[in-house]
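> Got a predicted model here, sequence first, then my questions.
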Amino acid sequence: MTPFLLLVVFLPFLASMLVLCVPARRGDLAGWLAGGVSFLLFLLNLAFFPAISGGTVLSHVVPWMPEYGLDLKLRMDGYSWLFATLITAIGMLVVAYARYYMSPNDPIPRFFALFLAFMGAMLGLVLAGNLILIAVFWEMTSIVSFLLIGYWHHSAAARDGARMALIMTGTGGLCLLVGLLIMGSIVGSYDLDVVLASGNVIREHPLYLTMLVLVLLGALTKSAQFPFHFWLPHAMAAPTPVSAFLHSATMVKAGVFLLTRFWPVLSGTPEWFWLLGLAGLATLVLGSWFAIFQQDIKGLLAYSTISHLGLIVVLLSLGSPLAAVAAIFHTANHATFKASLFMAAGIIDHETGTRDMRRLSGLFRALPYTATLAMVASAAMAGVPLLNGFISKEMFFAEAIETHQLNILDTLTPYLATLAGMFAVTYSLRFIQSVFFGPPATDLPKDPHEPARWMRAPIELLVLICLIIGIVPAYTIGPFLHLAVVSVLGTQTPEYSLSIWHGFNMPLVMSLVALVGGVVLHLILKNYLKTSPEGPPLIRRLEGQRIFERVLVAVSWKWARAVEAFAGTRRLQPQMRLLFGIAIAAVGVPLFLARFNPPDVTLRAADPVLAFVWLVGGGCAIAAAYQAKFHRLAALVLLGGAGLATCITFVWFSAPDLALTQFLVEIVTTVLILLGLRWLPKRFKSVNPAEENALNVRLRRLRDLVMAVFAGLGLAVLSYTVMTTPQGQTIADEFLKRAYPEGGGTNVVNVILVDFRSFDTLGEIGVLAIVALTVFALLLRFRPATDSLEKPEQQRIQNAFDSDHPDRDDGESATEYVFIPSVLMRWLFPVIGLFAAWLFFRGHDMPGGGFAAGIAMSIGFILQYMAGGTRWVEERLRIHPLRWAGIGLVLATATGLASWVFGYPFLTTYFQYLDLPYLGKIPAASALIFDLGVFSLVLGATVLILIALAHQSVRAPRAHARAQKRAAASANSAEAPEWN
Amino acid sequence: MELILSAAIGVLAASGIWLILRPRTYQVVIGLSLLSYAVNLFIFSMGRLRVDAPPVIDKIANPPVAAYTDPVPQALVLTAIVIGFAMTALFLVVLLASRGFTRTDHVDGRE
C-alpha cells in the first residue's frame, strides 16, 4: 500500500508534463485529462482511509541524500489524509468548473498543467515526512502559485500580483527553510516522526525563539497574516478557479497546516502565544473590516479569507487542545464555503463581465440558482446556524472566552472575536444584498444568464456539504475530523462535542450579538458603500502594497545602483588591474607572511644555445608588447617568435607531444590572426596625439609597467623556486606504471588524455566546440567597420596594374602572384592528410594523437583556401565543419556510454591487440575511437573558426552593398512625396 | 637552465600582463597569447626540467619510472594549448565584432 503514496505525489507532476504536450487549441482534452487525474487521485486517497482509520501512520521512505538526513519520506496520518482529501476533492471540482470558466482563447493546456503541478506540490507538502522535503514542496507551491497568478501575463496587474506573491511567500519560504534546519539540528534528525516526538527538547532549547520566529515568518507570509497579508488581494488577478483553489482552499492553508502540524512541539509557550495571537487577532479584525469596504467581489472574498485564516491562527495560538480541534475543523469548513463562493463570484464575472459591486445589482432575477447557492455559502461564511461555518465559529467563541493566560491579549480576545464576527455578517450581507438584490443593473457589459449546468454543479456539491455538515456534523465529518485530531494531538486529544445545540450559553450570545450587530452595521453603511471608493475609509492610503513597492524600489534599484556606482566600474582596464593586483597579493602576501626566502641563484648546466633561444624569444615578447599598438603585423610576427621559442623549449625538455601541438597551433593561430588583420586598419593612428604624452597618461603607463614587471618577476622567482626544489612522489609514477599494462599505450601523455583522464578531455573538447559555435554565431551577424570595407591595398595595386595594361584581365595579378605556391599547396593536401593520419594512429604509442592530428588536418584545409580562394575550394570539397565537430562530440560521448553497456563506469576503456594482415599487430583500444572523436571535433572546430573568418571577405562586402542599396531605397522613398 | 626558463617565463608574463592592461583590443589579444605561453611553460616546469629523458615507455629496456619525464603537466599543458587557441580565436572575433559595432577598438567600446 505505501508505495502508492509515491503515486499520489508524483502522478500529478507526470500528468502535468503530459498535459503540457497537449496542443493549445485542444483545451477540452487538457481539461478531461486534468479532471480524470484529479478524480483518480481523489479515489486513490479515499482508498487509503481503511489503512489509516485505526490511527496507524503510513510511511514510505526512498533514500535520497541520506548523508544529509534528506530522504524522500512520504507519511500519511489522519490529518494529512484530511488535507489530501480536501486538495483532491476541491481540485477535482475546480477542474470541472474551470473547464467552463476558461475562455477558448486562453492557452488552456498550460493552465491545467500548472494546476496539476500545484496539486502535486500541495499533496507533497501535506504528505512530506521530512523537514527538508516540507521546505522543498513549500517552495514549489510558491513558484506554481506565482505562475498561476501571472497566467494572464499580458495584464500588468497579474504580473505585479504574481511578483508580489512570489517575493512575499518566497522570502517566507527561505525563513522557513532556515527555521526547519534549526529545528532539525536541535532534534538531531530531519525525520518528521522524530521531530514530533521531541517537543520538550525543542521548547527548552536556547535557539527555540530564533527557530520559532523563522518558522512563523514562513507560515504567516504563506497564510497572508498581518502584516504580510497584502499580497493575497493582489493575487486575485489570477483566473477565478485559481483563486478558488489556491488562494482560499489550499495554498494559503499551507501556513495553517504547518502551524497545526507542529502545534504539539511548538505551542504552549508565551512566545508562541504572543507572536501568533497578535498576528492572528490583528488579521482577524482588520481583514474583516477591510472586507466590508471592498468593491470588487473577489477583493471582498480575499479579505474575508485573510480574516478567516486569522481566526484559525488565533485558535492555534491559544495553546489549548480544544482550540486546536476547532482550528482543524474550521480549516476544512472554510475551504468548502469559500471555494464555492469564489466559484459563484467567477460565474457572476463570467456572466456579467464585471465584479464591481457598485455596478452589479438585482442579479437574482437573472441568476436565481447561482444566487441561492451564493446566499447559502455566504451564510456559512457569516456563521449562520445550521451551516458548517456556524459550528466552528461557536467553538472559536467558546475558546475565546476561556482564560488561557493571564494577560491583556487573552482578556481582549472575546471582544475582538465578537467584533470580527459582526464584521463577517456585515460583509456577507453586503455581498448578497448589493449583487443579487435591488433594482436590475443597467450598465453591465454582458447580459447575464444562468451558466452551463455543469459549471454550477461543483458549487451545488460544496454547498450541499456545507449544509450537511452544518446539520448533522457528528455523523458526517465527525469520524474524519476525529482521526485528524488524534493524529495531531495524540494523547492530548480532548473531549469535544460536534452537536449544534449546546444550550443557551455565552458563545450563542456572542453569535447573536454578532448577527444583530452585523445587520445593523450593514444598514448604516449600505448607502455609503453604494458609491464609495475601493478600500476602507481613513486608512485607505496606508496600504501594505505601497510599503512593499517602496522597499522593492529601494532595494532593487536605488541601493543596487548606489552599490554599483560605489564599487563597480564598466571599464575593463581598472577591472584587469584589480584582477592582477589581487592575484599578485594572493601569492605575495602569504609568501611574505611565511617569510619566504628565494633560493640562491646559480647558473646550473646552462646551455648557451637555450640561452640564445630565449634571448631571441624574450626579445620577441618585449618587442611584441611594444609594437602591438601601432604595428599589428609586426606584433603578430614577434608573437610567433616567442611561440617558437616556447616550442623549442618543449623539445629541449623532453616533451615532444607539447612541441608538436604547440607548433601546429602556432601555425593556425598566425593564420587566424592574419585573417582577422584584414578587418583592421593597417596602421593605427593616434586618436589624440597631444594627449599621448600627457603626464597622467605617462603615470598610468608607468603604474601598469610596474605592475607587469612585478608580476613577471614574481612568477619567475616562483617558478625558479619550484624548479630547483626536488619533486618527490607524485601521481605521475602511477600513470607511468599503469599506462602500458592498463591503457595499452606507451605514450603516457596520450594515454592520460584519452584514457585515464578522458572525462576531462571530453570537457575540453566540449569547450572547444562551444567556442567554435560562438565564433560562428558572432560572425553570422558580423558587420565590419566601414573603414576596412574597401579592398586591401595590395589588391588595389595589383588591380590598378591590370587595368593599366590592356593585355591583362582585371584580377589576373591577384591570382598569379601566388601561382607556384598555390600549386604546391594543392599538392600538399594529400600529404598533410597522410601526415595527420600518421599522427593520429601512432598517437597512443608515440608523440601525436587526436589533438595534433586534428590541427594538422585543419591546416591542410586552410592551405587550400589560401591557394585557391573560398569559392574554388567549396566548389571542389565538401566542407561541413559543424557536422564534423558534432560527429566528434557524439563519437567521444558514445565511446564513454558504451562502457555502460558492459557494466563499467562511464568512459572505461577496453583494449586489445589486433593481428591484421600486412600491418601486423596494432593496438586497438576503445580509446582510439575516443581519440577519433577528439580528432574530428578539433578538426571541425578549427576549420569552422578559420572558415567563418575567411568567408567574411566574400560575405561582408556583399552584405554592405545590400545595406547601402536598402539605405538608398529608403532615402528615395522618403523623398518621393516631395517630387510628386 | 632553470634560471633561463624562469627568466623566460617572467619576461613572457610581464609583456603579456602589460599588454592586457592596455586600452586597445588587439593589444589585449596579443597579451593574452603571451601570457598563455608563460602560464603553459610555468605549468610545464612544475614537472621539473629533464633533458633527454624518455617521454615514451620503453617496453624492452623497461627503466624505472623515475627515469621518465613527468607526463602529468604535459597532459595538462597539451589541452591548455588547444584551449588557448580557442580563446584567442574567440577574442579575435569579439574584437572584430566590437570594432564593427562601435567603430573603435578601445576595450570599453568607446574612447
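Okay, I see it.

> Pull the number of nearby residues for B:V51.
Here the number of neighbours of B:V51 (other C-beta atoms under 10 Å in any protein chain shown) works out to 12. The C-beta positions use only the backbone N, C-alpha and C, and glycine is treated the same way.

> same deal with A:R955?
16.

> Now the helix or strand where A:H334 lies: average pLDDT?
Remark: A:H334 resides in helix A:321-352, with elements defined by DSSP states H and E. For helix A:321-352, mean pLDDT rounds to 92.

> What is that helix packed up against?
Applying 3 or more C-beta pairs under 8 Å, 6 or more residues apart in numbering or on different chains; DSSP states H and E, one finds that helix A:321-352 contacts helix A:78-101, helix A:240-244, helix A:253-261, helix A:297-317, helix A:368-382, helix A:388-401, helix A:453-471, helix A:478-489.

> How far off centre is that helix?
33 Å (C-alpha atoms, centre = their mean, to the nearest Å).

> now the angle from that helix to helix A:388-401?
With axes from the mean of the first three to the mean of the last three C-alpha atoms, to 10 degrees defining the directions, helix A:321-352 sits at 140 degrees from helix A:388-401.

> could you give the angle of helix A:321-352 to helix A:78-101?
10 degrees.

> between helix A:321-352 and helix A:297-317, how big is the angle?
Between helix A:321-352 and helix A:297-317, the angle comes out at 170 degrees (the same axes, to 10 degrees).

> Please identify the buried residues of helix A:321-352?
By 16 or more other C-beta atoms under 10 Å in any protein chain shown, the buried positions in helix A:321-352 come out as A:321-352.

> A:G91: neighbour count?
Neighbour number of A:G91 under other C-beta under 10 Å is 29.

> mean confidence score for the helix or strand hosting B:L41?
B:L41 is part of helix B:25-45, with elements assigned from DSSP H and E. Averaged over helix B:25-45, pLDDT sits at 93.

> go on, stretch A:537-554?
The model assigns stretch A:537-554 a mean pLDDT of 74.

> For residue 14, report the pLDDT, please.
Here I'm looking at chain A. For A:L14, the predicted pLDDT is 94.

> hmm, I had chain B in mind actually
Looking at B:A14, the pLDDT reads 95.

> sorry, back to before: how far off helix A:253-261 does the helix holding A:H334 point, in degrees?
Using the same axes, to 10 degrees: helix A:321-352 against helix A:253-261 is 170 degrees.

> Figure out the helix or strand that the residue nearest to B:T79 when sequence neighbours are not counted lives in.
Computed as C-beta to C-beta, 6 or more residues apart in numbering or on different chains, the closest residue to B:T79 that is not its neighbour in sequence is A:E764, at 4.6 Å. Element membership of A:E764 [criterion: DSSP H and E] is helix A:758-780.

> Could I get the CA-only coordinates of that helix as CSV?
Extracted in CSV, the C-alpha atoms of helix A:758-780 (Å, rounded to 0.1, in the frame of the first residue of the first chain):
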residue,chain,number,x,y,z
SER,A,758,39.3,11.1,-20.7
PHE,A,759,36.4,12.7,-18.9
ASP,A,760,38.5,15.9,-18.6
THR,A,761,39.3,15.7,-22.3
LEU,A,762,35.6,15.3,-23.1
GLY,A,763,35.0,18.5,-21.2
GLU,A,764,37.9,20.2,-23.0
ILE,A,765,36.6,19.3,-26.5
GLY,A,766,33.2,20.4,-25.4
VAL,A,767,34.6,23.8,-24.6
LEU,A,768,36.3,23.9,-28.0
ALA,A,769,33.0,23.1,-29.7
ILE,A,770,31.2,25.8,-27.8
VAL,A,771,33.9,28.3,-28.7
ALA,A,772,33.7,27.4,-32.3
LEU,A,773,29.9,27.7,-32.4
THR,A,774,30.2,31.1,-30.6
VAL,A,775,32.7,32.3,-33.2
PHE,A,776,30.4,31.1,-35.9
ALA,A,777,27.4,32.8,-34.4
LEU,A,778,29.2,36.0,-33.8
LEU,A,779,30.4,36.1,-37.4
LEU,A,780,26.9,35.4,-38.8
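
> what packs against the helix or strand that that helix is followed by?
As assigned by DSSP H and E, the chain's next helix or strand after helix A:758-780 is helix A:793-804. Using 3+ C-beta pairs under 8 Å, 6+ apart, the elements in contact with helix A:793-804 are helix A:812-816.

> moving C-terminal of the helix it packs on, what's the next helix or strand?
Taking DSSP H and E, what comes next after helix A:812-816 is helix A:819-842.

> Quick check: buried residues in the helix or strand just after that next one?
Next helix or strand after helix A:819-842 toward the C-terminus (DSSP H and E): helix A:850-876. Buried residues in helix A:850-876, counting neighbours by 16+ other C-beta under 10 Å, are found at A:850-870, A:873-874.

> got a list of contacts for the helix or strand following helix A:850-876?
As assigned by DSSP H and E, the chain's next helix or strand after helix A:850-876 is helix A:881-901. Residues outside helix A:881-901 that contact it (C-beta atoms under 8 Å, 6 or more residues apart in numbering or on different chains) are A:758-759, A:761-762, A:765-766, A:769, A:772-773, A:776, A:905-910, A:926-927, A:929-930, A:932-941, A:943-944, A:947.

> cool, stretch A:355-363 as well?
A:294-298, A:300, A:345, A:348-349, A:352, A:354, A:370-371, A:430-431, A:434-441, A:443-444, A:448, A:529-531.

> Please work out how many residues are found near A:I408.
7.

> The helix holding A:E764 to helix A:850-876, inter-axis angle?
Going by the same axes, to 10 degrees, helix A:758-780 makes 30 degrees with helix A:850-876.

> Kindly calculate the angle that helix A:758-780 makes with helix A:881-901.
Using the same axes, to 10 degrees, helix A:758-780 lies at 160 degrees relative to helix A:881-901.
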